[in-house]
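Chemist: what's the 3D shape of this:
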Amino acid sequence: MSALSVKTTISVLPGVAAAGAAALVAWGVSTGLPTLPLLTVCVVLGIVFAQLPGMGTLLRGILAPGLAFSSKKLMRAGVVLLGLKLSLVDIAGLGWATLLTTIAIVLITFAGTYGLGRLLKLPGHEPLLMATGFSICGASAIGAMSGVVNAKRKDQAHPVALVTLCGTLAIFVLPALWEPLGLTDLQFGHWVGAGVHDVGQVVATAQIAGGSALAVALVVKLTRVLMLAPIVAVAGVVERRRNVAVTDAKRPPIVPLFVAGFIVAILVRSFVPLPEAVLNGADIVQTALLAMALFGLGSAVDIKRLLTAGWRALVVGLLSWVLIAALALGAVQLS
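Modeler: Purely as a prediction, here's the structure:
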């Protein structure tokens, strides 16, 4: 190992250690309060940490390399392992009608959120990141898309904060509407899976309706996660073409390596009989990696900026949340 590599490794250790400690704290909080998903707690901890007096110096100094490493490299590794949750057999079991409506919801929400973001003139990559997070799988999807379009950590701050806020609101709002809307347990699970952003938030919301509702919710949700690969791949192609005229620009690969890994993981889960112990171990590692990554992303959130310059992003986020919930409810009632 070269001296430069050793120096780089040492520089990331403080930030990675902070992210790891935060993940452990979040695990403790989530264990004590099961209604709070671990990954949601990690984002909130990152946001709170960044607002504490004197933390700005640490975040811009000794912790910066490690938090950037966590929010980028660990996020990509976690997304790859997320593919092991997906089985094409389970997805096929939904039936063509449910499968096609779920894909349609993702695409309509993505296009609608992106259009709203452009209409309200959100800066930089924010419209794309908001669209990805709200339509597919929350902060994890935002991190994956950011890796393709080379978005800076601060550019991810508003989308991550807002998709976490709306997903957390869903944990309390959707169950309150369950009985007034006259949904059965399975319909409620379908609605949650199609309309809530993060996998952990889906579990926290659907589990109150029982095991059958939770199973349906997870399969529908993971079908949405499957859309991460093609949407990110298309974004990679667009970004590559956009950089063609810029001779000094580093053009991203047509299909990013971690997206290819995500697809391979899905295929392995679908066709290779993996032992339960292997799947459980991969799930623990994947959760830990995403927890650390989301703490890093949360620590980039500037609350003052979000409440002032970020009001447009707030409007886009809330409208997107209503859009996907309404589309998902319509799909459930038509099925």
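
Chemist: got the buried residues for the helix or strand containing F258?
Modeler: Using DSSP states H and E, F258 sits within helix 257-271. For helix 257-271, the neighbour count (16 or more other C-beta atoms under 10 Å) marks F258, V259, G261, F262, I263, A265, I266, R269 as buried. All C-beta atoms are positioned from the backbone trio N, CA, C, and that covers glycine.

Chemist: What distance do you get for the fourth one to M75?
Modeler: What it means is F262. 12 Å (C-beta to C-beta, to the nearest Å).

Chemist: repeat for the first one
Modeler: For F258, the distance to M75 under the criterion C-beta to C-beta works out to 9 Å.

Chemist: where do the contact lists of the two overlap?
Modeler: Common neighbours of F258 and M75 (criterion: C-beta atoms under 8 Å, 6 or more residues apart in numbering): A144, G147.

Chemist: Between the buried residues of helix 257-271, which sits nearest G298?
Modeler: F258 (20.8 Å; C-beta to C-beta).

Chemist: Would you confirm that that closest one contacts V79?
Modeler: Yes - using C-beta atoms under 8 Å, F258 makes contact with V79 at a distance of 5.8 Å.

Chemist: what number of residues lie near I208?
Modeler: 16 (other C-beta atoms under 10 Å).

Chemist: Now it. Nearest residue, chain neighbours left out?
Modeler: P175 (5.5 Å; C-beta to C-beta, 6 or more residues apart in numbering).

Chemist: now do F262
Modeler: Per C-beta to C-beta, 6+ apart, closest to F262 is G83, 4.4 Å.

Chemist: okay, now that neighbour: neighbour count?
Modeler: If we define neighbours as other C-beta under 10 Å, then G83 has 26 of them.

Chemist: isn't it right next to A265, touching?
Modeler: Yes - shown here, G83 and A265 form a contact pair, counting by C-beta under 8 Å, at 2.9 Å.

Chemist: residues touching L334, list them.
Modeler: L334 touches T101, counting by C-beta under 8 Å, 6+ apart.

Chemist: ok, A50 to G56 distance?
Modeler: From A50 to G56 the distance is 8 Å (C-beta to C-beta).

Chemist: same question but for G298, I mixed them up
Modeler: Distance from G298 to G56, by C-beta to C-beta: 15 Å.

Chemist: more neighbours, those two?
Modeler: For G298 and G56, the more surrounded residue by other C-beta under 10 Å is G298, and the numbers stand at 29 against 12.

Chemist: pretty sure the more buried one contacts T40?
Modeler: No - applying C-beta under 8 Å as the test, G298 and T40 come out as separate, 9.9 Å apart.

Chemist: So for these two, which residues contact both of them?
Modeler: T164.

Chemist: Which helix runs longest in the chain?
Modeler: Ranked by number of residues, the top helix in the chain under DSSP state H is helix 3-32.

Chemist: helices or strands next to that helix in the packing?
Modeler: Contacts defined by 3 or more C-beta pairs under 8 Å, 6 or more residues apart in numbering; DSSP states H and E place helix 3-32 against helix 38-51, helix 64-69, helix 276-298.

Chemist: now those in TSV, with distance to G20?
Modeler: Listed next are those as TSV, based on distance: least, C-beta to C-beta, whole Å:
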stretch	distance to G20
helix 38-51	11
helix 64-69	10
helix 276-298	6
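
Chemist: Of those helices, which is nearest P159?
Modeler: That would be helix 276-298 among the helices and strands packed on helix 3-32, by C-beta to C-beta, at 9.2 Å.

Chemist: Export that closest one to PDB, keeping only CA atoms.
Modeler: Provided in PDB are the C-alpha atoms of helix 276-298 (Å, rounded to 0.1, in the frame of the first residue of the first chain):
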ATOM      1  CA  GLU A 276     -30.900 -18.400   5.000                       C
ATOM      2  CA  ALA A 277     -27.900 -17.600   7.100                       C
ATOM      3  CA  VAL A 278     -26.200 -16.000   4.100                       C
ATOM      4  CA  LEU A 279     -29.300 -13.900   3.300                       C
ATOM      5  CA  ASN A 280     -29.600 -12.800   6.900                       C
ATOM      6  CA  GLY A 281     -25.900 -11.800   7.100                       C
ATOM      7  CA  ALA A 282     -26.100  -9.900   3.800                       C
ATOM      8  CA  ASP A 283     -29.200  -8.100   5.200                       C
ATOM      9  CA  ILE A 284     -27.400  -7.000   8.300                       C
ATOM     10  CA  VAL A 285     -24.400  -5.800   6.300                       C
ATOM     11  CA  GLN A 286     -26.600  -3.900   3.800                       C
ATOM     12  CA  THR A 287     -28.600  -2.200   6.600                       C
ATOM     13  CA  ALA A 288     -25.400  -1.200   8.400                       C
ATOM     14  CA  LEU A 289     -23.900   0.300   5.200                       C
ATOM     15  CA  LEU A 290     -27.000   2.200   4.300                       C
ATOM     16  CA  ALA A 291     -27.300   3.400   7.900                       C
ATOM     17  CA  MET A 292     -23.800   4.900   7.900                       C
ATOM     18  CA  ALA A 293     -24.300   6.400   4.400                       C
ATOM     19  CA  LEU A 294     -27.600   8.000   5.400                       C
ATOM     20  CA  PHE A 295     -26.100   9.600   8.500                       C
ATOM     21  CA  GLY A 296     -23.500  11.100   6.200                       C
ATOM     22  CA  LEU A 297     -26.100  12.500   3.900                       C
ATOM     23  CA  GLY A 298     -28.200  13.800   6.800                       C
END
